[in-house]
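S.K.: missing the sequence, but the structure's below:
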C-alpha cells in the first residue's frame, strides 16, 4: 500500500512509519519539524521528509490512506487535500485498531505506569518467544521499533487517554476495544483537553464500557477513584482489583515475594513498580503465561527507557533520571528512590515542562510531591511558557505549591542548577532528575558523572 503520515515526527507516528516500512509498504510523510531520535531513525530508512513543512501536492490520488498525527492542525493543507480527494484518513489509534481487530487485544491504561507495565508484558512475552504485535511509548531493549504489525495472535498496546487526532477528539484508548485491560490509576492530567477532573475520569469509565462481556479489566484497588468508578453498573466485562506485590529492600536491592512467599530478585525498584508488576502478571496470566514462567522472565527486566534510568554511581552516591513530570509520577519516583536507599539523603530536581505543570491553577496538585527528598529543586523556562502561550508564573507560586521546606526554584538557565548541585558533598547522598523535557538542553548523564565524581 501507499501510505502518507501527516506529522510523521511524533514519537508513536515515526515508529508506526518504520513498522509500515518493514512490512514493505511505500511510506511517505511530512512535518513542520522533526527532532531526534525520530530524525535520524527516519533518515536511515529514507523516510525523513526532504523538505520540512506542509505541501498539499504530496497528497495524490494514488495514496491508499493517510494517517494523521495529533501534532497537525485541523486546517492542515495536506489534510484538506486528502479530504477533497476522498482518501481514507485515520488517526494512528484508529489505524492500529484496523491492524489489530482480528487479534486478542491487550491494553494498558492509566495516568501513570502505562509504559512500564506495557514494557513488562512485552519483556515476558519476548523472553518466552511468544509471537505478538505491540505499540508502546518508549524504546525498549531488544526491540528495534516501538510498534509492530503482523498476523500474530496477540497485540499489546499502551493505551493513552490523550486525543486521537485534531479531527478525532476521542481518547486514543477508546479505539482499541480490548479483550484484556489494566487501569493503573487516575490522577488528573492534560488539563488543556480535560479542564474538568470529572470529565477526565469519565474517559476511563468509557474504556471499561467499551470492553465485551467476555473481557477482563484489572484495576489498582488502592487508587482513590478507581473502586467507585469500576463499580458502575454499565460495565459488562469482568472487573478484577489488584494491589501490588509484596517486596522487601535490603542492601539497596529489591526482592519480590511471590504468591508462595518465594523471593524473586529484581533489577527495578519502587512501590509503584511493584504495583505495575502485578498488573503485568495478571495480563500475562490472561495470555497463558504461568506464574513460574512470569517470575523467571521478570528477573531480567531492567525497566523502560526514561523510567528510572540509571545515570552513574560512586561508592556512596547514585544518580537516576526519570520521565516523571505529573504530580503523581513525581511523588512515586521520589518515594521509590528514598525507599531504595533509606540511609542516604536525596536531592531531587524536577522540571516543569508540560502544559498542565506550567499552569498556575494546576500547580497546587504538586503539594508534597517532593516530600521524600531532603533537598529539592524545581526548574522551569519562561521560553516554554511563551511557546505554550501560558501566563507567567512566579517562583513564589511554585514555592507555595510544592510545600517543601528546602526547595529552590531556578529559572531559564540549567547551568544555575548544575552549579548548585556542584556545591553539595555527594557522600551518602543521591541525585534524582525528573522531567519530560531536558532542562533546556542539559546533558544530564554527563553532568551527573561530573557532579558525583568530584566527591
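M.R.: Okay, I see it. Quick caveat: nothing in here was measured; it's all calculated off a predicted structure.

S.K.: Could you identify the helix or strand that succeeds the least confident helix or strand in the chain by mean pLDDT?
M.R.: Within the chain, no helix or strand scores below helix 382-387, which has a mean of 87 by mean pLDDT, DSSP states H and E. Following helix 382-387 in sequence order, the next helix or strand is helix 395-402 (DSSP states H and E).

S.K.: what packs against that following helix?
M.R.: Judged by 3 or more CB pairs under 8 Å, 6 or more residues apart in numbering; DSSP states H and E, helix 395-402 is in contact with strand 375-380, strand 407-411. Where C-beta positions appear, they are placed from N, C-alpha and C, glycine not excepted.

S.K.: distance of residue 246 from residue 377?
M.R.: 34 Å (CB to CB, to the nearest Å).

S.K.: okay, those two: which has more neighbours?
M.R.: More neighbours surround residue 377 than the other of residue 246 and residue 377, with 22 against 13 (other CB atoms under 10 Å).

S.K.: That one contacts residue 420, doesn't it?
M.R.: Yes - taking contacts as CB atoms under 8 Å, residue 377 lies within contact range of residue 420: 6.8 Å.

S.K.: First-to-last residue distance for stretch 249-259?
M.R.: Stretch 249-259 stretches 18 Å from its first residue to its last (CA to CA, to the nearest Å).

S.K.: Check which residues of that stretch are buried.
M.R.: Judged by neighbour count (16 or more other CB atoms under 10 Å), stretch 249-259 contains these buried residues: 254, 256.

S.K.: got it, and stretch 24-41?
M.R.: Within stretch 24-41, the residues that count as buried by 16+ other CB under 10 Å are 27, 28, 29, 30, 31, 34, 38, 41.

S.K.: got it, and stretch 365-379?
M.R.: Of the residues in stretch 365-379, those buried (16+ other CB under 10 Å) are 365-366, 369-379.

S.K.: now residue 180: how far from residue 211?
M.R.: As judged by CB to CB, residue 180 and residue 211 stand 9 Å apart.

S.K.: and for these two, which residues touch both?
M.R.: residue 217 (CB atoms under 8 Å, 6 or more residues apart in numbering).

S.K.: What pLDDT is listed against the nearest residue to residue 7 once chain neighbours are set aside?
M.R.: With CB to CB, 6 or more residues apart in numbering as the criterion, residue 7 has its nearest non-adjacent residue at 3.0 Å, and that residue is residue 69. pLDDT recorded at residue 69 is 96.

S.K.: Quick check, pLDDT for the one residue sitting closest to the centre of the chain.
M.R.: What sits nearest the mean C-alpha location of the chain, by CA atoms, centre = their mean, is residue 115, with 4.7 Å. Model confidence at residue 115, given as pLDDT, is 91.

S.K.: sec struct for it, please.
M.R.: Here residue 115 is helix, with the state taken from DSSP: H, G, I helix; E, B strand; the rest coil.

S.K.: circling back: closest to residue 439 among the buried residues of stretch 365-379?
M.R.: residue 379 (5.7 Å; CB to CB).

S.K.: Okay, helices next: where are they in this structure?
M.R.: Under the criterion DSSP state H, the chain contains helices at 11-22, 38-44, 77-84, 92-100, 114-127, 197-209, 226-229, 271-286, 291-298, 327-340, 382-387, 395-402, 414-422, 444-453.

S.K.: hey, least reliable of these by pLDDT?
M.R.: helix 382-387 (a mean of 87).

S.K.: so what's residue 159 up against?
M.R.: Applying CB under 8 Å, 6+ apart, one finds that residue 159 lies in contact with 107, 108, 109, 114, 172, 173, 176, 178, 181, 207.

S.K.: Dump those to JSON lines, plus neighbour count and distance to residue 10.
M.R.: Output for the contacts of residue 159, formatted as JSON lines (neighbours: other CB atoms under 10 Å; distance: CB to CB, whole Å):
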{"residue": "107", "neighbour count": "31", "distance to residue 10": "20"}
{"residue": "108", "neighbour count": "32", "distance to residue 10": "19"}
{"residue": "109", "neighbour count": "30", "distance to residue 10": "19"}
{"residue": "114", "neighbour count": "28", "distance to residue 10": "17"}
{"residue": "172", "neighbour count": "27", "distance to residue 10": "12"}
{"residue": "173", "neighbour count": "28", "distance to residue 10": "17"}
{"residue": "176", "neighbour count": "25", "distance to residue 10": "18"}
{"residue": "178", "neighbour count": "26", "distance to residue 10": "23"}
{"residue": "181", "neighbour count": "29", "distance to residue 10": "24"}
{"residue": "207", "neighbour count": "23", "distance to residue 10": "22"}
